[in-house]
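**Student:** Have a look at this prediction, sequence included:
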Amino acid sequence: MPYINLRIAGELSREQKQQIVAEFTETMVRVANKPAEYVIVTIDESPLENWGWGGALLDSEE
C-alpha cells in the first residue's frame, strides 16, 4: 500500500490539493502498477513562519 506524504511551506487551495492527490495517485498506478484504491496521499501544510532558509524565516521580508 503506497503512502505518500507531501510537506509544503504555505497553503494550497482545495482545488490544488485535489489535483495533487489525483496526479500522485495516477503516477503510482502508471509507474508502480499499484491499484488507485490503495494509494494514500497526505498533505501537511505549514505556515511560512515555521520554515527557515538561509538564516531567515520564509515569511520574512529580508
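**Tutor:** Here it is on my side, so go on. Residues are numbered from 1 along each chain as shown.
**Student:** what's the straight distance from one end of stretch 34-44 to the other?
**Tutor:** 23 Å (C-alpha to C-alpha, to the nearest Å).
**Student:** So residue 27 lies in a helix, does it not?
**Tutor:** Yes. Assessed with DSSP: H, G, I helix; E, B strand; the rest coil, residue 27 lies in a helix.
**Student:** Counting neighbours, what do you get for it?
**Tutor:** Residue 27 has 14 neighbouring residues, counting by other C-beta atoms under 10 Å. Quick note: C-beta positions are derived from backbone N, CA and C, even for glycine.
**Student:** Tell me the spacing between it and residue 20.
**Tutor:** The gap separating residue 27 from residue 20 is 11 Å, by C-beta to C-beta, to the nearest Å.
**Student:** same deal with residue 4?
**Tutor:** 9 Å.
**Student:** Need the overlap of contacts for those two.
**Tutor:** residue 41 (C-beta atoms under 8 Å, 6 or more residues apart in numbering).
**Student:** which residues in this structure form strands?
**Tutor:** 3-9, 40-46, 52-53, 56-57 (DSSP state E).
**Student:** Strand partners (parallel or antiparallel) of the last one?
**Tutor:** Looking at strand 56-57 with DSSP bridges, its partner strands are strand 52-53 (antiparallel).
**Student:** any low-confidence regions in this structure?
**Tutor:** Within the chain, the stretches with pLDDT under 70 are 61-62.
**Student:** Go again with 90.
**Tutor:** Applying pLDDT under 90 to the chain flags the ranges 60-62.
**Student:** and the gap between the residue lying closest to residue 49 once chain neighbours are set aside and residue 8?
**Tutor:** What sits nearest to residue 49 in space, not counting adjacent residues and going by C-beta to C-beta, 6 or more residues apart in numbering, is residue 59, at 4.5 Å. Per C-beta to C-beta, residue 59 is found 14 Å from residue 8.
**Student:** try residue 16
**Tutor:** When residue 16 is compared with residue 8 (using C-beta to C-beta), they lie 10 Å apart.
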